[in-house]
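Chemist: Requesting a structural model of the entry that follows:
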Amino acid sequence: MDENFKKVILHLFVSLLLVMSVSINKMSYAFGEENKLDMLIENKEKQSYLKAKIDELNNRLESKKQELKNDGQDDLNDDNELEIVKLSFIQEDSISDEEEAIKSDINNMEQEKETLGKQLQDELIEGVQLEKCLEEEAAEKLSSEGIDFIKGIWPLKEYKDISSGYGYRIHPITNIKSFHKGIDIPAPQDTDILAIDDGIVSFSGYQNGYGNVVKINHFDGKTTIYAHNNYNIVQEGDIVKQGQVISKVGTTGDSTGIMFILKLK
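Modeler: Below is the predicted model:
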């Protein structure tokens, strides 16, 4: 085989390997990022489950301790009765056995609670670590691309018009010139409102003026606020993915019609 031809083949082979390597790295990064978000969602679900189990155990423990206390009080009342009228339909051994059984149940539940508490602590630590990883990845992207925040998607699929933009305007209710910190997007009531980017819900509830509000802290440092919602779907602490339905368009709060306001800060 001609020497020059061999060199050309080798060069093409090396180039192909480099292209494949870059493609695999990009795919691995994307998968890793998605995997971390899914892991964080699963982590939050585990935390909620463990907290619910601990609350359930606390209620059962309180009930058992009250039962033990009542049995002790009954014994005390019996001791205060005159010996002549004291009845012995229930043998003392059986009463003692019953108390021991209650104490054993309490001890077992205390141990289970301690185990669940340690598991919850581990999940809390893992959750913080995952959030930190996602924030670091977002910061790296901002730095490498020289941008202030990662551009998200439009929050309403089919409605693109803006009835009131960001900046100074005459307030539609007070008729006073003021700075509008968001954008108003008119849409039919109960239209899906989407999270513009991945993040953590920092507030979901009612605020004067803004009505039903959802606030999301995103991993790149931006915060988005979705106001005047007819009702909210997500709750505080929820992990949301880009494009996830978080609330429905409405006219709650100080609103002149059915609309949705998006604030970015």
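Chemist: so where do the strands sit in the stretch 151-265 of the chain?
Modeler: For the stretch 151-265 of the chain, applying DSSP state E, counting those that start in this stretch gives strands covering 167-170, 177-180, 182-186, 192-194, 199-207, 211-218, 223-229, 231-232, 239-240, 245-248, 259-264.
Chemist: Nearest to residue 122, out of those strands?
Modeler: Between residue 122 and these, the tightest spacing by Cβ to Cβ is seen for strand 239-240, at 18.0 Å. Using the backbone N, CA and C atoms, a C-beta is placed for each residue, glycine as well.
Chemist: Which elements pack onto that closest one?
Modeler: helix 3-80, strand 199-207 (3 or more Cβ pairs under 8 Å, 6 or more residues apart in numbering; DSSP states H and E).
Chemist: quick revisit: in TSV, list the strands of the stretch 151-265 of the chain along with distance to residue 145, mean neighbour count and mean pLDDT.
Modeler: Shown next, in TSV, are those (distance: least, Cβ to Cβ, whole Å; neighbours: other Cβ atoms under 10 Å; pLDDT from 0 to 100):
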stretch	distance to residue 145	mean neighbour count	mean pLDDT
strand 167-170	26	11	64
strand 177-180	29	11	70
strand 182-186	24	20	85
strand 192-194	23	22	96
strand 199-207	19	17	96
strand 211-218	16	22	95
strand 223-229	20	23	93
strand 231-232	32	16	96
strand 239-240	23	24	97
strand 245-248	26	20	96
strand 259-264	18	20	55
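Chemist: of all those, which lies closest to residue 56?
Modeler: Comparing the strands of the stretch 151-265 of the chain by Cβ to Cβ, strand 239-240 comes nearest, at 23.9 Å.
Chemist: Identify all contacting residues around the closest one.
Modeler: 37, 40-41, 44, 195, 198-201, 216, 234, 246 (Cβ atoms under 8 Å, 6 or more residues apart in numbering).
Chemist: got any ranges where the chain has weak pLDDT?
Modeler: Confidence mapping of the chain against pLDDT under 70 gives the ranges 1-34, 71-95, 164-175, 180, 255-265.
Chemist: one more time with 80, if that's ok
Modeler: Along the chain, the model assigns pLDDT under 80 to residues 1-34, 70-97, 163-182, 254-265.
Chemist: Spatially nearest residue to residue 57, not counting backbone neighbours?
Modeler: Leaving aside its chain neighbours, residue 57 sits nearest to residue 113 (4.7 Å; criterion: Cβ to Cβ, 6 or more residues apart in numbering).
Chemist: Before I go, just wanted to say thanks for your time.
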